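Undergrad: Turn this into a model:
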Amino acid sequence: MSTKNKYTLQHIKLNILKFMKKVNDKQLYPNFWVIVDRADFKPLKKSVKKNKQIIKNNIHSLKEVSDVIIKKKTEYYKNKRFGEIKIKFNNNIIEKCDDIKNYKHNKTKPIISLSITIYPTDEEGKISLMKRKELRVNYFIDDMRNMVFKMKNIEVITRLLADGAVCKNESFLEISYSELCLKKK
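TA: I've put the predicted structure just below:
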């Protein structure tokens, strides 16, 4: 038995603000990269020397993936898939999402947009731009009434895209979260 509208508008706002803080604290904004074929779902990092100390920073570009990750172990990264994940928060909607007076107007606009691009590597370990798959999932206020947005949500959707469960014939698809849930069934 499922309950409808488990979270109030105030809960939704708090949940999203917590997630935004986590994204900012982990430096996952504006994007981050993962290796989709790995069991863990951790952002790729690079070592940067700063004031005679080595600091680990997230990788934020395709060039960095190629230069920092693939070039070090080309043989290992043959036929792997790399995922670029972008999370866009609609701050205007987040600020007003708990205002019931604006609900009707705000519920038709995405509160979070998640863009995922999967880049496969070929037999030589080179990234194939032509075979990439892209998915943009828009989350609306009503989608958030029954879920707390977490990194696990991003991981599941990334793996579904990489495995061909969504975007079967298309190289790019934009869809709402509720449509994606119907498509998975």
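
Undergrad: Least confident secondary structure element in this protein?
TA: In the chain, no helix or strand scores lower on mean pLDDT, DSSP states H and E than helix 177-184, which sits at a mean of 83.

Undergrad: Now that one: buried residues?
TA: Neighbour-count burial for helix 177-184 flags Tyr177, Leu180 (criterion: 16 or more other C-beta atoms under 10 Å). (Each C-beta comes from the backbone N, C-alpha and C, glycine too.)

Undergrad: for this structure, what's the longest helix?
TA: helix 9-25 (DSSP state H).

Undergrad: how far out from the middle of the chain is that one?
TA: 15 Å (C-alpha atoms, centre = their mean, to the nearest Å).

Undergrad: So for it, mean pLDDT?
TA: Helix 9-25 comes out with an average pLDDT of 96.

Undergrad: Just the endpoints, please. Distance across stretch 86-97?
TA: End-to-end distance for stretch 86-97: 22 Å, by C-alpha to C-alpha, to the nearest Å.

Undergrad: That stretch - what's its average pLDDT?
TA: The average pLDDT within stretch 86-97 is 96.

Undergrad: quick one on the thing from earlier: and the least confident helix or strand of the chain, what does it pack onto?
TA: The contact analysis (3 or more C-beta pairs under 8 Å, 6 or more residues apart in numbering; DSSP states H and E) places helix 177-184 against strand 133-139.
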